[in-house]
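Chemist: Need coordinates for the following:
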Amino acid sequence: MASMARKLVVEVMEAHDLLPKDGMGTSSPYVVVDFDGQRRKTQTVLRNLSPTWNEALEFNVIGPVDDAGEPVEVEVYHDRRVGPSRRNNFLGRVRIDSRKVVKKGEEAVESFPVEKKSFFSWVRGDIYLKVYYVDEPVPEPKPPAPPSEAAPKSDERPPPAEAVNMDAGKTEAPVTVQPTEAAEQAPDTAAPESEKSPPPPPPPEEPPVGAADTEKPKESDAPPPVTENGGTGNPAETAEANPSPLPEPSTEAPPPPPEPEKESTPNWVPQPRQMAPPARTPEAMERSKYDLVDKMQYLFVRVVRARKLPGNAKPHVRVAAYGRHVSTRTARRSVFFEWNQTFAFVRDASAAAADPSALEISVWDLPPFSDLNDEEEEHFLGGVRFDVAEVPLRDPPDSPLAPQWYRLEGGRGRGGDLMLASWVGTQADDSFPHAWKADAPTSHAGSHSKVYVSPKLWYIRATVIEAQDTVTSSIKEHAVYVRAALGFQVLKTRNAVSRNGAPPSWNEDLLFVEAEPFGEDQKLVISLELRHGKDAIVLGSGSILLSTIERRVDDRKVASRWLDLLPTSEEAQAKKGRRPVHGGRLHVRVCFDGGYHVSDEPQHAESDYRPSARQLWRSPVGVVEVGIIGCRGLLPVRTVDGKGTTDAYAVAKYGPKWARTRTAANSFDPAWNEQYTWPVYDPCTVLTVAVFDQSDDGKDATSRPMGKVRIRLSTLETNRIYRGSYPLVMLLPSGVKRMGEIELAVRFSRAGSALDLLHVYGQPMLPAMHHLRPIPAAQREPLRLAAARIVAAHLGRSEPSLQREVALWVLDPAAEPRGYSMRRVRANWYRIVAALSWVADVARWVEDTRAWRNATTTLLVHGVLVLLVWFPELAAPTVAVHVAVVGAWRYRRRARGPVPHPCLRASQAEAVEREELDEEFDPVPSARGPEVVRARYDRMRGVAARFQAMLGDVAAQVERVQALVTWRDPRATGMFVALCFLLAVALYVVPARMAVVAAGFYYLRHPMFRDRLPPAAVNFYRRLPSLADRII
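Modeler: From the prediction side, this is the model:
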């Protein structure tokens, strides 16, 4: 297999609105790209502030692109040779993180605003680039030439250096800089001052002004290019530096002199450099150390092969330890009887009490999992018995224990040999993930722990512009619409009415969701349909392959296309024998929108906000580690042989990564002790852990939910372990049911500095495209449900699969969309009341102060009022200090751990009526009888009547305010206007500070100076008219 060489490709497309540098209002820009010590540059575009290059620059990559650590530096300069100027020729630069480089096929044109080189730089404009990497096979070196070919004479003199560089000198024009190898190696004086190449000697005809103003030297003065072996371009020097080895003497004809080695790789050879130690990144921490969970000891038994068994036997091995026994599959026959299976027996107290010392391994000539009795002793081929206390202990990073041959004893005939290995280890052992656990159910094929990854989701934006040359152009007036279908997603545009043969137009966007990788036969089908009463007539349809759709990462417009509409298959059959009728053309613009985050989770439980395009991803700010320890007190979910049982497993989801624990068979207190790690890109996200019961009814394995827990990472302190139990609660039509508890250990670790983590809080939560071109609110939920279905279908095709109902239930509420819920209405109302309780507390405190409940407090309030009136600049600092003191005071009473989810009290689910739950779980349209629906409708009308009365009261209060100046009540309006004039005169005469202090003292006067009846101002306001009497 040919080796692959990776190249980084930077396509310099164009730039917009650059800064003029030649003194005549223009610039002649060119681009220099640096990567990992390599430099490439483009041609010079003459006198253009918005140049277009469309050049691809290639760089050799050593190692993975995302691990290179070297940024891609793109710098734009003005060519002084075109427009001489003594000013700085720097036009801007861009630094691209190499970890954001994608492979070929995923690239998209990106817009980068040019940045300054220093604080005093003056730049402007944008540059458009495509950055990606491509893997190319390295060509094998050509075999040596046959002896018959003429070899070069050894006495021929090599061409001089001037002749070698003659072609390069010809390509170097006085205006255009060609990206040749000689130009890349020679120092370029038009480049910035920061280049590290040695300065060439100045030309004699013009003295140098500075390092930045030096003219470009002649090609004959430039040093010869460096070759691959480290010498210069002179063949003679190369031959002297690297002499060819002399051939060994032999009797055969001497071979011809070796030809000069042809270079199959680029001339540039990277020099070794000092590499900094790798930083502690989430990728490096992906391997878990199991420090959050309890270490569980397991007895590992690896059965490899057997020999010297009867030739016609079909043996399997049974392993028994701690009161449990498991069986291997039937042996695979080769030179030996092969199994190569590993089993793990947990060493808990209950298992050790059953049989603490015996490990029995027996070989049987029977099908696996068959019942054994005394009459089948003739099928026993032999066995081995060990003392568990003598089994060696292995603790990583110790090497794996080598298997050994053991003599089988007690079997019929001549005993055979069995190769096996046994040791005691923990869940950190290398064999643990692939070992068959003895506590796993035997009927479930996919009961092992597994990690899944959701597919990358993309939005497909199809903009329907207009249609032309349709068959309805002769109709005076008709209504047509466009129907687009992608898999199960079907969208329609609005009806466009075309009059007098004018082409219909829409200019409407249709959004779809699709997952990578895109199949070669996946198509977006677009059809033009005519509305005819209740029926639709298909005028024509066309399709677009998803592999041909352009990708974008911003809001730039992609190229549109005209889609030919052809008749459908049914119409073609009806018109058989006739010439096909052309259905017209449809003007559309289709692209993959990579600047959006495709959400498959509810808004309050989002675990990732990254966009689809990898180029826009930010670096991770931390790592979250979750240890799923186990469950306690689980309820039996199903009945097997008249006995309740539960085969529980847990699923953790954060971002695109799903982690599934192994299945613990027939256990109400399962212990998993598994640990998983996720990189965190935004701390304001949610981690979801759900518990399921896995059952096998004989046909397909199904999973029943038992509850889930959500943990918001922003509530966790850095580098602190939170370990605790969380309740598993299920809301069923019969009421709330507690299914047990799950014990978790969570730790959030910071990847960089604390400033990087705090900087995230000031950034927008969603990508920029959600703000520049937001998705309509009516389309967000359908798109989310479509994304959840696609993710569930993708995970269901894995092996072993994560069942569709599991993924949909974790992505709540994609599995069970619910309608109206009176319980949720009450819960949301109490949430509002609890959030605004401080307003009621402030009002109560003001009333107590005004009532002189505490004379000292009231007198202090008088003093503070006078102080703030005479020094108003202290008002804002006083409020800020008060809020800070309140926050610092409440620090002692902060939550010591994550808030339990769900909260039954906040959900109003503790004493909910069964009728309300039945209404909440009733689908739309309702499946209940007419009497039940009538009763619910009457109850809904009662709630709506109270809400209607509240709206009427709010409208009346607003209308009374308007009635102060509308003269609906002439006497009231006259009094109000006269009072306003008197108030204006009084405020003009009396200083404002005195007026405010007097008003405050009057409001805080002692109750003995106040009347119990409402004040005159309130009575005057209540007498103002409203429009309530005019409403029917």
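Chemist: can I get the CA coordinates of the longest strand seen in the chain in PDB?
Modeler: Ordering each strand of the chain by length in residues (DSSP state E) puts strand 735-750 first. This file holds the C-alpha atoms of strand 735-750, laid out as PDB (Å, rounded to 0.1, in the frame of the first residue of the first chain):
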ATOM      1  CA  GLY A 735     -49.200   9.900  38.700                       C
ATOM      2  CA  VAL A 736     -45.600  10.400  39.800                       C
ATOM      3  CA  LYS A 737     -43.600   7.200  40.400                       C
ATOM      4  CA  ARG A 738     -40.200   7.000  42.100                       C
ATOM      5  CA  MET A 739     -38.100   4.400  40.300                       C
ATOM      6  CA  GLY A 740     -35.000   4.600  42.500                       C
ATOM      7  CA  GLU A 741     -31.800   6.600  42.800                       C
ATOM      8  CA  ILE A 742     -28.700   6.900  40.700                       C
ATOM      9  CA  GLU A 743     -25.300   7.800  42.100                       C
ATOM     10  CA  LEU A 744     -23.100  10.100  40.000                       C
ATOM     11  CA  ALA A 745     -19.700  11.800  40.400                       C
ATOM     12  CA  VAL A 746     -19.100  14.900  38.300                       C
ATOM     13  CA  ARG A 747     -16.000  17.100  37.900                       C
ATOM     14  CA  PHE A 748     -15.500  20.100  35.700                       C
ATOM     15  CA  SER A 749     -11.900  20.900  35.000                       C
ATOM     16  CA  ARG A 750     -10.600  24.100  33.300                       C
END
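Chemist: taking the mean pLDDT, what do you get for that strand?
Modeler: In this model, strand 735-750 has a mean pLDDT of 92.
Chemist: what's the spacing between whichever helix or strand comes after that strand and its chain's center?
Modeler: Using DSSP states H and E, the helix or strand that follows strand 735-750 towards the C-terminus is helix 754-760. Here helix 754-760 is found 19 Å from its chain centre; the criterion is Cα atoms, centre = their mean, to the nearest Å.
Chemist: which element follows helix 754-760 toward the C-terminus?
Modeler: helix 769-772.
Chemist: List of residues touching whichever helix or strand comes after that next one?
Modeler: Next helix or strand after helix 769-772 toward the C-terminus (DSSP H and E): helix 777-796. Contact with helix 777-796 is made by 452, 454-455, 457, 459, 488-489, 511-515, 598-602, 658, 775, 801-804, 807-808, 811, 814, 817, as judged by Cβ atoms under 8 Å, 6 or more residues apart in numbering. For glycine as for every other residue, the C-beta is placed from the backbone atoms N, C-alpha and C.
Chemist: which parts of the longest helix belonging to the chain are buried?
Modeler: Ranked by number of residues, the top helix in the chain under DSSP state H is helix 930-962. Burial within helix 930-962, assessed by neighbour count using 16 or more other Cβ atoms under 10 Å, is assigned to 936, 956, 959-960.
Chemist: Go through those residues and name the one nearest Gly863.
Modeler: Arg960 (36.6 Å; Cβ to Cβ).
Chemist: The closest one and Ala1016, how far apart?
Modeler: For Arg960, the distance to Ala1016 equals 16 Å [Cβ to Cβ, to the nearest Å].
Chemist: if we can go back for a sec, just the buried residues of the contacts of helix 777-796.
Modeler: 452, 454-455, 457, 459, 489, 511-515, 598-601, 658, 775, 801-804, 807-808, 811, 814.
Chemist: quick revisit: could you say what helices and strands the longest helix of the chain packs with?
Modeler: The helices and strands touching helix 930-962, judged by 3 or more Cβ pairs under 8 Å, 6 or more residues apart in numbering; DSSP states H and E, are helix 822-835.
Chemist: and for the helix it packs on, what are the contacting residues?
Modeler: By Cβ under 8 Å, 6+ apart, helix 822-835 touches 906-909, 912, 916-917, 919-920, 939, 943.
Chemist: and what of stretch 116-126?
Modeler: Contacts for stretch 116-126 (Cβ under 8 Å, 6+ apart): 15-19, 49, 88, 90-93, 111-115, 192, 194.
Chemist: Which of the residues you listed are buried? Put it as a PyMOL command.
Modeler: To isolate the buried members of the contacts of stretch 116-126 in PyMOL, using 16+ other Cβ under 10 Å:
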select buried, resi 15+18+19+49+88+90+91+92+93+111+112+114+192
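Chemist: just checking, which of the contacts of stretch 116-126 belong to strands?
Modeler: 15-16, 90-93, 111-113.
Chemist: Please identify which helix or strand holds Tyr649.
Modeler: Using DSSP H and E, Tyr649 falls in strand 648-654.
Chemist: what does whichever helix or strand comes after that strand contact?
Modeler: Per DSSP H and E, the first helix or strand lying C-terminal to strand 648-654 is strand 657-660. Residues outside strand 657-660 that contact it (Cβ under 8 Å, 6+ apart) are 449-454, 626, 649-653, 674, 676, 678, 795, 802, 807, 810.
Chemist: Out of these, which end up buried?
Modeler: 449-450, 452, 454, 626, 649-653, 674, 676, 678, 795, 802, 807, 810.
Chemist: ok, the closest residue to Arg47 other than its chain neighbours - contacts?
Modeler: Of all residues not flanking Arg47 in the chain, Thr26 sits nearest, at 4.2 Å (Cβ to Cβ, 6 or more residues apart in numbering). By Cβ under 8 Å, 6+ apart, the residues touching Thr26 are 20, 47-49, 83.
Chemist: could I get these as JSON lines with pLDDT and distance to Leu539?
Modeler: Formatted as JSON lines, these follow (pLDDT from 0 to 100; distance: Cβ to Cβ, whole Å):
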{"residue": "Pro20", "pLDDT": "89", "distance to Leu539": "54"}
{"residue": "Arg47", "pLDDT": "89", "distance to Leu539": "51"}
{"residue": "Asn48", "pLDDT": "90", "distance to Leu539": "46"}
{"residue": "Leu49", "pLDDT": "91", "distance to Leu539": "47"}
{"residue": "Gly83", "pLDDT": "67", "distance to Leu539": "58"}
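Chemist: Just the ones of those residues in helices?
Modeler: Among the contacts of Thr26, no member lies in helices (by DSSP H).
Chemist: Make TSV from those residues and add distance to Pro137 to it.
Modeler: Shown next, in TSV, are those (distance: Cβ to Cβ, whole Å):
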residue	distance to Pro137
Pro20	46
Arg47	43
Asn48	39
Leu49	42
Gly83	45
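Chemist: ok, so of those residues, who is nearest Asp97?
Modeler: Among the contacts of Thr26, and counting by Cβ to Cβ, the member closest to Asp97 is Leu49, at 28.1 Å.
Chemist: so what's that closest one closest to, chain neighbours aside?
Modeler: Leu18 (4.9 Å).
Chemist: And the one you found, how far from Pro29?
Modeler: For Leu18, the distance to Pro29 - Cβ to Cβ - is 6 Å.
Chemist: so what's in contact with the two at the same time?
Modeler: With Cβ under 8 Å, 6+ apart, Leu18 and Pro29 have common neighbours 51, 76, 91.
Chemist: neighbours around Pro433, how many?
Modeler: 13 (other Cβ atoms under 10 Å).
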